[in-house]
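Undergrad: Below: sequence and its predicted model.
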Amino acid sequence: MSVIADPLPAWVYESKQGPVIGAVTLFSVLAIAAVILRFKCRLLVRAGLAIDDWLILAALPVALAEAICVAYTTKDTLGRHIQVVSAPALLEGGKMFFTIQILWIISSAIVKLSILAFYLRVFSILDYIRFSAWFLIVMVTCWLIGSTVAHGLQCQPVAKIWQDSLPGHCLDTESLFLIGSIADVVMDFLILALPLPAIIRLQMPLSRKLELVVIFALGGLTCVLSLVRFLEAKDSIYDRSDITWKSWFPLIWGVAEPCLGTLCACLPILQPLMQGLKEGVTKLSSSATTFIPNNNKNFNGAQHSWKPKLSHRDRGVEIPTSSEVNLQEVPSSRHWDSEASCVI
């Protein structure tokens, strides 16, 4: 009895469904946690909500919708080689890819606008930041509108975007991708660099200044993600022979960019929470040092015990006890230099 050999090699049946779902779930959880903690911090300090808070809140569901679409597409299309993807699944996957593109544009733009609105609130008295921020707001808004319209109407009829066999015509998708992605990377780097000169000139302790620089510089993660997404997606744009397989990695980075951008946008607002944790650890450590182990047994043979350190008053030296020591407090995150009134 002869055995019919499978005409396709084993590697054709590979699937990246697990890594894709795991990655987008992780990025989504980080974004959700960052936004929740942001609003909790605003309530803790009894500060009213500002436009940057509402913008980041608006960006979250759009970013989550993109993550859900990417995860759903792995069911039959994304992360599989095109040889094993059925025609109906390929058609549905094309529609989902189109939706993911639009959601990525909207979520990324809203995150950028939230960061710029935060700059306007914190550094409002600095003319160069105010003018630059408004210029970038106009730039991001134009990019949002132009990219959404261009991607939404790149083919006539629109259905030709996911069904190439239909009669009609399409724009040059390669050029459209290059223009939109390069503009996205450039805007991210400009937004990252905008507040750094002002932070460096703040009159505050060097350690505090370095903390702020690090927090704002973490926004560079978004720049790296947008650049990686551009480089990874370039191959799938120019070579669509196995697009369902080649797209899984770029789409992960496409989810990471708005989700981790949301996290980076929330970090400066989380300073009261981080400062509280830092002060709590400092006081706990200070309290722990007031106790030392007593390695001597008593006359009854009792086991080792922990006892408070003997007061120096017993030796004729008057010094304050641990309860009287006024610990040096870390500069509050509410008080900035006169150039930047308040982070939150």
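TA: Nice, thanks for sending it over. Numbers count the residues shown, from 1 in each chain.

Undergrad: so Phe118 makes contact with Leu267?
TA: No: contact criterion CB atoms under 8 Å: Phe118 and Leu267 do not qualify, at 10.7 Å. C-betas here are computed from N, CA, C, even on glycine.

Undergrad: Looking at these two, which is more packed in?
TA: Per other CB atoms under 10 Å, whichever of Phe118 and Leu267 has more neighbours is Phe118, with 24 against 17.

Undergrad: which residues touch the more buried one?
TA: Ala50, Asp52, Ala265, Pro268, Ile269 (CB atoms under 8 Å, 6 or more residues apart in numbering).

Undergrad: okay if I get those residues as JSON lines plus pLDDT and distance to Pro19?
TA: What follows is the contacts of Phe118, written out as JSON lines (pLDDT from 0 to 100; distance: CB to CB, whole Å):
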{"residue": "Ala50", "pLDDT": "91", "distance to Pro19": "38"}
{"residue": "Asp52", "pLDDT": "93", "distance to Pro19": "33"}
{"residue": "Ala265", "pLDDT": "90", "distance to Pro19": "26"}
{"residue": "Pro268", "pLDDT": "84", "distance to Pro19": "32"}
{"residue": "Ile269", "pLDDT": "86", "distance to Pro19": "31"}
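
Undergrad: from those, which would you call buried?
TA: With burial judged by 16 or more other CB atoms under 10 Å, the buried subset of the contacts of Phe118 is Ala50, Asp52, Ala265, Pro268, Ile269.

Undergrad: returning to that earlier point: restricted to helices, list the contacts of Phe118.
TA: When DSSP state H defines the helices, the subset of these inside them is Asp52, Ala265.

Undergrad: Closest one of the contacts of Phe118 to Phe131?
TA: Closest approach between these and Phe131, by CB to CB: Asp52, at 18.1 Å.

Undergrad: Spit out the contact partners of the closest one.
TA: Per CB under 8 Å, 6+ apart, neighbours of Asp52: Ser114, Ile115, Ala117, Phe118, Arg121, Ala265.

Undergrad: so which strand or helix has the residue positioned nearest the centre of the chain?
TA: Residue closest to the average C-alpha location in the chain (CA atoms, centre = their mean): Leu260, at 1.5 Å. According to DSSP states H and E, Leu260 maps onto helix 248-266.

Undergrad: Which strands and helices lie in contact with that helix?
TA: With contacts taken as 3 or more CB pairs under 8 Å, 6 or more residues apart in numbering; DSSP states H and E, helix 248-266 sits against helix 17-44, helix 51-73, helix 87-122, helix 220-238.

Undergrad: Could you tell me the angle between it and helix 220-238?
TA: If you take axes from the mean of the first three to the mean of the last three CA atoms, to 10 degrees, helix 248-266 sits at 160 degrees to helix 220-238.

Undergrad: Would you mind getting the angle between helix 248-266 and helix 17-44?
TA: Using the same axes, to 10 degrees: helix 248-266 against helix 17-44 is 10 degrees.

Undergrad: sorry, back to before: from the contacts of Asp52, pick the one nearest Val62.
TA: Nearest to Val62 among the contacts of Asp52, with distances taken as CB to CB, is Ser114, at 11.9 Å.

Undergrad: and stretch 156-170, average pLDDT?
TA: Average pLDDT, stretch 156-170: 88.

Undergrad: no, scratch that, I was asking about stretch 76-96
TA: Stretch 76-96 comes out at a mean pLDDT of 88.

Undergrad: that older thread, what sits against the residue nearest to the centre of the chain?
TA: Leu260 touches Phe27, Leu30, Ala31, Leu221, Thr222, Leu225, counting by CB under 8 Å, 6+ apart.

Undergrad: I'd like to know how many residues surround the closest residue to the fifth one other than its chain neighbours.
TA: The shortest distance from Thr222 to any residue that is not its chain neighbour, by CB to CB, 6 or more residues apart in numbering, is 4.4 Å, and that residue is Gly261. Gly261 has 29 neighbouring residues, counting by other CB under 10 Å.

Undergrad: now swap in Val140 and tell me
TA: Val140 has 23 nearby residues by other CB under 10 Å.

Undergrad: Can you name the element that comes right after the helix or strand hosting it?
TA: Under the criterion of DSSP H and E, Val140 resides in helix 127-152. Next in sequence after helix 127-152, counting helices and strands by DSSP H and E, comes strand 155-156.

Undergrad: just checking, what packs against that next one?
TA: For strand 155-156, the elements it packs on are strand 169-170, judged by 3+ CB pairs under 8 Å, 6+ apart.

Undergrad: Now Ile182: which helix or strand?
TA: Ile182 belongs to helix 173-193 when assigned by DSSP H and E.

Undergrad: For that helix, buried residues please.
TA: Of all the residues in helix 173-193, those buried under the rule 16+ other CB under 10 Å are 173, 176-177, 180-181, 183-185, 187-188, 190-192.

Undergrad: quick one, what contacts Arg229?
TA: Ser181, Pro250, Trp253, Gly254, Ala256, Glu257.
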